[in-house]
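> Sharing a model prediction with you, sequence too.
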Amino acid sequence: MGETHSIRLRGMTWDHPRGYGPLGVCSAAWFERTGVRIEWERRSLQDFESFPIAELAARYDLIVIDHPHVGQVTREGCLAPMDAGAGTEAACEAVGASLQSYRFDGQLWALPIDAAAQVQAWRPDRLAGPPADWAAVLELAAGGGVLCPLRPPHNLMALFSLCGLAGHPAREQGAPLFDAAAGAEAYERLRELAARLDARSAEWDPIAVLEQLSAPDANALCAPLVYGYVSYARGDTPGVRLAFSDLAPLQRGGSRAGSALGGTGIAVSAHCRERDAALAFARWLAGAEAQCGPYVAGGGQPAHAAAWEDPLVNDASLGFYRNTRATLEGAWVRPRHAGYMSFQERASLRLRAALGAREPAAALIAALNRLYLEVSP
C-alpha cells in the first residue's frame, strides 16, 4: 500500500442509514485495498437540501450533493471537475438522467451514487396492489389511508411530479417555469389531495411519512408521492416492510413519466489536497463493482443500472428497483443554474402558505413564476 498509508480524507454525507451506511462499508473496503482512510460526518436531510456547498467544500474533501446545486458550485468554483471522460461515464451507467444531472457548463461535477425519484410506497400486507390511478389515490385519501410529505421542499417536488404526470413538466431551462394552465391544474390536484390529509403533513418529510406508514398500527395504506427509500423495503428499519411502485398515472393506463428526480452524487472539493486519491475513490464508488457489492450490502440505494437489474438485489427489497425503474427512467431534472436553490426554498414556503390558505390556483402559479423569473438566467 506504500505511501498512501498516510492519506486521510474527510467526507460529508446525510444523516440516514441509506446515506451513511454504504459509505462506511465502501470506505472500509477501499482502505483495505489502498490504505486511504476516509472519515465521514453527517448532516440532516434538511441541511442536505439547503446548506451551502461552498462552506462544506472548505472543510471536507468528499461531499455528497444533489444535482440542483451544480450551477451554484460552478459559479463559486468550490468543487473539482471530475474530468471523467467517456470511460468513467460509461463505467457509471446510471439509471435515467442521474449521471447527466451532474453535468453542467461542459463539466461533470459529481458522479451518481444514489438514484431516486418520487414514487409510490404502499402496505403490501393491507393492499393487493398500489393505487392504479389518481382517482384511486383520492378515494383512499378520503378514507384517511394516504400520507404525503408536504414539508418544504417536498411540497414543491409533488407539484413538479404532478405537472410531469400530466405531460407538461416544468421547464428545465428558461422562463416561465410553469405553463400557467398546466401548473394550475397540477396545483388543484395537489390542493385536493392536501385537503384530505392530516394537517401535520405540512411538517412531514419523506422519512417521517415512511416511518409512519411502516408502523404496525398505522391506519395509512399508501404514500403516492414520496421519494423512494429502499431501507423500508429491505426490512432495515423497524416496522412493516413497505412495497414501492411506479407513480400512479393520472388516468388508468396513462403515462408515469415526469417525477421529480432526486438521488445523490459524490463530489470532490476544489480545496482537497489529495485530489487524485479523492477522485479515485469517487470513481470506484460510482462504478459497478462497488455499487453492486459493498454499497448495496451497506444499505445503500445505488444509481448503477447493473444493481437495479440484479435479481438478488430486487428479491431482497420486494422488487423495489424493478418496480420503480420506469419512473426513474422518465424522471424530470430540476433546473440547476445558480440561483435555483434560493428559488426552491422561497417557492416551497410560498406553496405551503397557499395550500394552508387554499389560495386560488392561477394566483399561486403566477406567484411562483414571478419568483422564478427573479433568478432565471
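Nice, I can see it.
> My guess is Val313 contacts Ala297. True?
No. Counting by Cβ atoms under 8 Å, Val313 stays clear of Ala297, with 10.1 Å between them. The way it works is simple: take the backbone N, C-alpha and C, and place the C-beta from them, glycine included.
> out of these two, which sits in the more crowded spot?
Counted by other Cβ atoms under 10 Å, Val313 and Ala297 do not tie: Val313 has more neighbours, with 21 against 13.
> Contact partners for that one?
Cys292, Val296, Ala307, Tyr321 (Cβ atoms under 8 Å, 6 or more residues apart in numbering).
> Going by secondary structure, the closest residue to Glu203 other than its chain neighbours is in what exactly?
Distances taken as Cβ to Cβ, 6 or more residues apart in numbering place Arg151 nearest to Glu203, at 5.4 Å, with adjacent residues excluded. Arg151 belongs to no helix or strand when assigned by DSSP states H and E.
> Now Arg151, what are its backbone angles?
Reported as degrees, to the nearest 10, the phi and psi values for Arg151 are phi -70, psi 140.
> Between the contacts of Val313, which sits nearest Ile38?
Val296 (18.6 Å; Cβ to Cβ).
> I'd like to know how many residues surround the closest one.
Val296, neighbours per other Cβ under 10 Å, totals 23.
> Give me the contact list for the helix or strand hosting it.
Assessed by DSSP H and E, Val296 sits inside helix 294-297. With Cβ under 8 Å, 6+ apart as the test, helix 294-297 has contacts from Pro22, Val25, Cys26, Ala28, Ala29, Ile113, Leu285, Pro302, Ala307, Asp310, Val313.
> any idea where the strands of this structure begin and end?
If DSSP state E is used as the criterion, the strands of the chain fall at 8-14, 37-43, 62-65, 103-104, 107-108, 111-114, 118-122, 222-227, 243-245, 264-268.
> Just the residues contacting the fourth one, thanks.
It refers to strand 103-104. With contacts defined as Cβ under 8 Å, 6+ apart, strand 103-104 is touched by Val70, Gly71, Thr74, Trp109, Arg336.
> likewise the last one?
Among residues not part of strand 264-268, those counted as contacts by Cβ under 8 Å, 6+ apart are 14, 19, 53, 61-67, 73, 79-80, 82, 98, 101-102, 109-114, 275, 278-279, 282, 285-286.
> count of neighbours near Arg273?
Residues lying near Arg273 (other Cβ under 10 Å) number 10.
> Next: Gln212.
Residues within reach of Gln212, counting by other Cβ under 10 Å, total 17.
> residue contacts, it?
Contacts of Gln212 (Cβ under 8 Å, 6+ apart): Leu147, Trp204, Ala218, Ala220.
> for the second one, what are its contacts?
The neighbourhood of Trp204, defined by Cβ under 8 Å, 6+ apart, consists of Leu147, Cys148, Pro149, Leu150, Arg151, Gln212.
> and which of those residues is nearest Gly167?
Distance to Gly167, by Cβ to Cβ, is smallest for Cys148 among the contacts of Trp204, at 21.7 Å.
> And that closest one, how close does it get to Ala94?
Relative to Ala94, Cys148 is positioned 27 Å away (Cβ to Cβ, to the nearest Å).
> Can you list the residue ranges for helices in the stretch 251-377 of the chain?
Counting by DSSP state H, counting those that start in this stretch, one finds helices in the stretch 251-377 of the chain at the ranges 275-286, 288-292, 294-297, 305-309, 311-315, 320-329, 340-357, 361-375.
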